[in-house]
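Trainee: quick check, what structure comes out for this input:
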Amino acid sequence: MDWQIIRDGRGWCAIGPDFENLATSAVGWGETLDEARAALDAKYRERAECADVPPLSEFTVRP
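Mentor: This is a model prediction of the structure:
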């Protein structure tokens, strides 16, 4: 799986290539694509995971 941002109702959910499920994986939620990506980046930093979250241009956006 690649880096993805998925539309969820009015918001967006950003996930990384290691995504397994919403309960255990780092995810980022936001009202915009940028907010979701930034929230995912913050989650990775909070968890001290190794992956560097790429720029928004490298995400696959799924409306």
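
Trainee: list the contacts for residue 3?
Mentor: 14, 15, 16, 17, 53, 54, 58, 59, 60 (CB atoms under 8 Å, 6 or more residues apart in numbering). No exception for glycine: its C-beta is placed from N, CA and C like everyone else's.

Trainee: mind running it again at 10 Å?
Mentor: Counting by CB atoms under 10 Å, 6 or more residues apart in numbering, residue 3 touches 14-17, 19, 37, 40, 51, 53-56, 58-60.

Trainee: and for residue 26?
Mentor: 14-16, 18-19, 39-47, 49, 51, 53.

Trainee: quick one on the thing from earlier: of the contacts of residue 3, buried ones?
Mentor: 14, 15, 16, 19, 37, 40, 53, 56, 59 (16 or more other CB atoms under 10 Å).

Trainee: which helix or strand contains the first one?
Mentor: In this case it means residue 14. strand 11-15 (DSSP states H and E).

Trainee: tell me how far stretch 16-30 is from the chain's mean position?
Mentor: The chain centroid and the centroid of stretch 16-30 are separated by 7 Å, computed with CA atoms, centre = their mean, to the nearest Å.

Trainee: do me a favour and get the end-to-end distance for that stretch?
Mentor: For stretch 16-30, the first-to-last residue distance is 15 Å (CA to CA, to the nearest Å).

Trainee: can you give me the mean pLDDT across it?
Mentor: Regarding stretch 16-30, the rounded mean pLDDT is 94.

Trainee: one step back: which of the buried ones among the contacts of residue 3 sit farthest apart?
Mentor: Spanning the widest gap among the buried ones among the contacts of residue 3 are 19 and 56, at 17.0 Å by CB to CB.

Trainee: can you give me the helices in this protein?
Mentor: Using DSSP state H, the helices of the chain run over residues 33-47.

Trainee: which residue is nearest the middle of it?
Mentor: residue 14 (2.3 Å; CA atoms, centre = their mean).

Trainee: that residue against residue 33, yeah?
Mentor: Yes - using CB atoms under 10 Å, residue 14 is in contact with residue 33, at 8.0 Å.

Trainee: between these two, which contacts overlap?
Mentor: Common neighbours of residue 14 and residue 33 (CB under 10 Å, 6+ apart) are 5, 56, 59, 61.
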